[in-house]
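J.: Attaching a predicted model along with its sequence, questions to come.
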Amino acid sequence: MSLTLPITDVTPDDWRMAAHLRPLIRTLRPALTDADFDRFAVEAHAQGLVFTAAYDGDGTCLAVATHRVLATSRGRILFVDDLVTDPGHRRAGTGARLVAHLTARARDARCDAVELDSGVTNHAAHRFYHARRMRITALHLALDLTGGPGAFAAPRPPLDHPRRT
């Protein structure tokens with residue numbers, strides 16, 4: 001791999017979103033259908049999510065990161081929602097270069113930190129992030145409101161009634 005790695009932002013209306021980014025994100029999130037991904041990409045982009053892809057010199061998409069700058073009580077952060085490298089191109093330095101790119105963007109945006117969540121069983125990713133001097137600073141908790149298997153979901157009030165607090 002050359003020392004330069006073309007890294008570019010891709011918007012939902014760009015043909016590369018469906019052709020390159022969607023398949024890679026779905027390796028990380030296999031339950032996401034093509035249609036679900038397309039809806040997610042449009043809605044999340046409108047909310048400020050940026051889709052950044054790393055390509056090789058032949059135009060093959062090697063890795064994708066989705067991220068946004070957030071103002072939080074902890075300061076400005078560049079939050080990485082997803083970061084995935086094509087399984088056939090892992091351990092070639094692409095993910096590290098993409099993290100370095102995101103870190104530079106965070107500095108340019110005057111962020112105080114780069115943060116992300118990583119699944120508790122994704123030990124290979126944990127090793128990768130620790131090697132980039134990232135540390136565990138929080139435990140992410142979630143309450144599933146969809147009523148799916150194993151979820152605790154309170155009955156939803158009808159839409160014409162205000163939600164009780």
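T.: That came through, no problem. Numbers count the residues shown, from 1 in each chain.
J.: gap between residue 124 and residue 47?
T.: 29 Å (C-beta to C-beta, to the nearest Å). (Each C-beta comes from the backbone N, C-alpha and C, glycine too.)
J.: same question, residue 57
T.: Distance of residue 57 to residue 47, given as C-beta to C-beta: 33 Å.
J.: Quick check, central residue of the chain?
T.: Nearest to the geometric centre of the chain sits residue 82, at 1.7 Å (C-alpha atoms, centre = their mean).
J.: Provide the backbone phi and psi angles at it.
T.: phi -140, psi 140 (degrees, to the nearest 10).
J.: Just confirm it contacts residue 63, I think it does.
T.: No: in this structure, residue 82 is not within contact of residue 63 by C-beta atoms under 8 Å, at 10.5 Å.
J.: how about residue 138, secondary structure?
T.: The three-state label given to residue 138 by DSSP: H, G, I helix; E, B strand; the rest coil is coil.
J.: To what extent is it buried, counted in neighbours?
T.: 8 (other C-beta atoms under 10 Å).
J.: for residue 54, same thing?
T.: Neighbour count of residue 54, defined by other C-beta under 10 Å: 22.
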